[in-house]
Structures are given as C-alpha cells and as structure tokens.
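A.B. asks: Structure for this input, please:
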Amino acid sequence: MIRVHGDLHVGQILRWRDGYAVVDFDGNPTVADADPYQPAARDLAQLTTSVDHAGQVALRRRSADPDATAAWAEAARRELTAAYARTLARAGRADLLDRSLLRPFEVEQECRELIYAARHLPRWRYAPMGVLRTWYA
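C.D. replies: Coordinates of the predicted model:
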C-alpha cells in the first residue's frame, strides 16, 4: 500500500511565469472516507486518467487535432508510468506496483468520474465519456 495522490484535474493546475503549479492535490472526491493508503496501481491509475482528461479538454475546448492529442496522451501516460515506477524502484519499493491492476483501476476511476459528473458537474461528463470511447471504440 502507498499513500495515494488522488486525481489531478486540469483545473487544479495553474500556469504562471515560471511554469505550472499544482494548487489542489488532496485526494479523490469520488471516494468518500477512503483509506489514504491504497495499492500503488490505484494511485497511478488516478494520475494517468487525469492525463487522458487533459487530452479530452484540449479536444473540446481548444479544438486540438485528435490524432496529435491521442499521441500526446499516450506518450505522457507512458512517461508518467515510467517515472512512477522509477521512483518506486529508487526507494527500493518496486514491488508495490502491480501493473496488471492498472487498467482495472483506470476503468474504475473513469466510472467514478462519470458518476461524479452526472451528480455534481454535468458539463464534465464529456471527459470520462471521451476517455472510455477511446479505450472501447
């Protein structure tokens, strides 16, 4: 088990003169009263799906090229996964990440995002729906 970061939405990152700053990284609002210690694959899944959401935002709000956005998201997910695994390995805890659990936890997270959007933020439904469509076209 590892202390999870939670999800990271586009609205939680601000651009400023020196780059970007994360302004809210305090867990996952779709999981009330969850133990902060979860499998590392769940933590990573919440982060990788956030990358996919950024791609969906770019498609919808910036009319980004779908092929270029898909390529960017895939590269960013790959780099994030590699960095996460490297960090665990450097800490002597590579055993914490079971990659076979990553996709099931990603699907779980997208379903949670969809339910959260339906209940609280209907205009956000496009992001998890768009991600699920890319996975299950």
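A.B. asks: Mind listing what's buried along the helix or strand hosting residue 72?
C.D. replies: For residue 72, the host element (DSSP states H and E) is helix 66-90. The neighbour-count check on helix 66-90 (16 or more other Cβ atoms under 10 Å) flags 69, 72, 73, 76, 77, 81, 84, 85, 88 as buried. C-beta: built from backbone N, CA, C; applies to glycine.
A.B. asks: you'd agree the fourth one is up against residue 53?
C.D. replies: No. Taking Cβ atoms under 8 Å as the contact criterion, residue 76 and residue 53 are not neighbours in contact, 11.4 Å apart.
A.B. asks: who's in contact with residue 111?
C.D. replies: Residues counted as contacts of residue 111 (Cβ atoms under 8 Å, 6 or more residues apart in numbering) are residue 128.
A.B. asks: What are the phi and psi values at it?
C.D. replies: Phi and psi for residue 111, reported as degrees, to the nearest 10, are phi -60, psi -40.
A.B. asks: what do you get for residue 18?
C.D. replies: When read as degrees, to the nearest 10, the backbone of residue 18 gives phi -100, psi 10.
A.B. asks: Residue 54 and residue 48: what is the separation?
C.D. replies: As judged by Cβ to Cβ, to the nearest Å, residue 54 and residue 48 stand 11 Å apart.
A.B. asks: Counting neighbours, which bits of the strand or helix carrying residue 117 end up buried?
C.D. replies: Using DSSP H and E, residue 117 falls within helix 102-120. The neighbour-count criterion (16+ other Cβ under 10 Å) identifies 102, 105, 106, 107, 108, 109, 110, 112, 113, 114, 116, 117 as the buried residues of helix 102-120.
A.B. asks: Give me the residues contacting stretch 81-97.
C.D. replies: 1, 2, 39, 40, 41, 44, 47, 48, 102.
A.B. asks: Now the buried members of those.
C.D. replies: With burial judged by 16+ other Cβ under 10 Å, the buried subset of the contacts of stretch 81-97 is 2, 39, 40, 41, 44, 47, 48, 102.
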